[in-house]
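Peer 1: Model the following, please.
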Amino acid sequence: MRQFALYLLVAASILIAACSNEPKPLQTVVKGNISVADSIDSSGDFSGIEISIIVRDSSDAFSDTLFNEQTDASGSFMGTVQFPEKRYFRMFISRNGTNLGNLGVILAENDTVTLNAELPGLDQTLTLSSREHNAMNTFLRVDRGFQRVGAFARSGAIPDSQMLDEVKKWSDLYWEVFEKNPNTIASYLAAEKSAGIVSSFDQEKMLDRIDAALPADYMISVALNIAKPYIAQSRGFEATSDYLDSLVQISANESVQEAIKRDKIMMYFDSSRVKEAKTLLAKYEEQYSSSESKKWARRIRYDLNYLAPGVLIPDFSFITMEGDTVSNTSLAGDVYILEISPFANPEYQNDYDRTLIINEIYKNYGLKIFTVPLDESPLTVEGFFEERRKAWSVAELGSFDVQDMIQKFNVVQVPTRFLIDENGVLIRKYERGEFEEVIQGLNKAFDNRNSPS
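Peer 2: Reported below is the predicted structural model:
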């Protein structure tokens, strides 16, 4: 679903991305003791073991060292670290220039992190304690238990008559983690799990639990991913629009507010309310002027102008691997899906079996599917079908202009799919993560043809 990408964007505001307005740095104490086994060093001098905490940039390179301390002769160390926001950071342990190991460490304001370990065997001897880490350990214990129960259920070990009670119990256990560990990363992960589980049998309770965990940034992402679809289905478009506005109002994080406004623009776009979407986009452009914001706005403006539901599909033409010429004009009178993606793309590969099922069901109603591969080598395309059935036409590499296709259809994420009706009118553009919504579009396309669903 399109909101999934926005969900990740909002979630990153608490777990990954730094706030754009560069808030005052947070700080906490990091301390501990690292000793060395007698079998390695019998001197009793454990000094010179270096502990560093770093920030990585988007290219995963070292960009900044937040913390760097060395142990004294007893193996003890202590220091204060300043950091931009509460989240996981990467800690490295080394001695004499040799990296001995690294781990993820949660830094939160006024939350002392205590590390103890013995070398060698860092993985086996290391313990990490703090309010955040203790809460995370509790969450992970509950989560492992729930995963085991899920495995038992899939094997048939839990009777159907007991299943609902079991699910309710685990939803409450996750919620207990949230309530007992307030304002920790683990608490919001637990609230998300609890809300997700309870949504399967009591969606109003799901809304209550999400509301109780708001306005934390991460829970706003959960609201977009779980609560918003339910509100749209049960209360309608206007109620959903109002819900998004309420999330903007309660959030104090500008980057989160921006993500919600993007979500609202896309919701209007996907619902064929193009005029309103353009108005919202204009307001967005007035408010946000960063290079990333401008880039996003340009992409969406193109879609609104040329690839919105209800417009004619842009002209295209290619020759299939069977030698047939296919174009938008030759397909007049047909309902078809146009896929644009490299076959090497893992998400496209994961979708392929489901696309086969869609093809088998809807081909009886006239659906045609065409794939335009963006791979560089014909060997990649040929290799893709060595272990897969080729059930629809694929464009021959070299029979179309790759860059023209990418620009004309504004392909930013792959796979990208277009559903076109018999009049050559675009029903919807679907980007990665929106595969399930293709079926909804097909039902709309075949509504007057006794849709099979």
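Peer 1: Need the single longest helix in the chain, by residues.
Peer 2: helix 131-154 (DSSP state H).
Peer 1: Name the residues of that one that are buried.
Peer 2: Of the residues in helix 131-154, Arg131, Glu132, His133, Ala135, Met136, Thr138, Phe139, Val142, Asp143, Phe146, Val149, Ala153 count as buried by neighbour count, 16 or more other Cβ atoms under 10 Å. Where you see a C-beta, it was placed from the backbone N, CA and C, and this is true even at glycine.
Peer 1: which strands and helices sit next to the host helix or strand of Asp245?
Peer 2: Assessed by DSSP states H and E, Asp245 sits inside helix 237-250. Applying 3 or more Cβ pairs under 8 Å, 6 or more residues apart in numbering; DSSP states H and E, one finds that helix 237-250 contacts helix 228-235, helix 254-270.
Peer 1: Contacts only, for Leu140.
Peer 2: Listed by Cβ atoms under 8 Å, 6 or more residues apart in numbering, Leu140 has no contact partners.
Peer 1: The nearest residue to Ile265 once chain neighbours are set aside: neighbouring residues, count only.
Peer 2: Once flanking residues are discounted, Ile265 sits nearest to Leu280: 4.8 Å by Cβ to Cβ, 6 or more residues apart in numbering. If you count neighbours by other Cβ atoms under 10 Å, Leu280 ends up with 21.
Peer 1: Look up how far Ile427 lies from Leu280.
Peer 2: Using Cβ to Cβ, to the nearest Å, Leu280 is found at 22 Å from Ile427.
Peer 1: isn't Asn116 right up against Thr71?
Peer 2: No - the pair Asn116 / Thr71 is not scored as a contact, 11.6 Å apart, by Cβ atoms under 8 Å.
Peer 1: Quick check: pLDDT value at Ile40.
Peer 2: Ile40 carries a pLDDT value of 82.
Peer 1: wait, what's in contact with it?
Peer 2: Residues in contact with Ile40, defined by Cβ under 8 Å, 6+ apart, are Leu119, Pro120.
Peer 1: Format the CA atom coordinates belonging to the helix holding Asp245 as CSV.
Peer 2: Only the C-alpha atoms of helix 237-250 are listed here, as CSV (Å, rounded to 0.1, in the frame of the first residue of the first chain):
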residue,chain,number,x,y,z
PHE,A,237,-13.3,9.5,3.1
GLU,A,238,-14.1,12.7,4.9
ALA,A,239,-13.7,11.1,8.3
THR,A,240,-10.3,9.8,7.2
SER,A,241,-9.3,13.2,6.0
ASP,A,242,-10.3,14.7,9.3
TYR,A,243,-8.3,12.0,11.1
LEU,A,244,-5.2,12.9,9.2
ASP,A,245,-5.7,16.6,10.1
SER,A,246,-6.0,15.6,13.8
LEU,A,247,-2.7,13.7,13.6
VAL,A,248,-1.0,16.8,12.2
GLN,A,249,-2.4,18.9,15.0
ILE,A,250,-1.2,16.6,17.8
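Peer 1: who touches that helix?
Peer 2: Here helix 237-250 makes contact (Cβ under 8 Å, 6+ apart) with 214-215, 220, 223-224, 227-228, 231-232, 257, 260-261, 263-264, 267-268, 271.
Peer 1: Would you quantify the distance from Leu66 to Leu103?
Peer 2: Here Leu66 is placed at a distance of 15 Å from Leu103 (Cβ to Cβ).
Peer 1: Tell me which of those two has more neighbours.
Peer 2: Leu66 (19 against 16).
Peer 1: picking up where we left off before, pipe the helices and strands packed on helix 237-250 into CSV and attach mean neighbour count per row.
Peer 2: Shown next, in CSV, are those (neighbours: other Cβ atoms under 10 Å):
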stretch, mean neighbour count
helix 228-235, 16
helix 254-270, 22
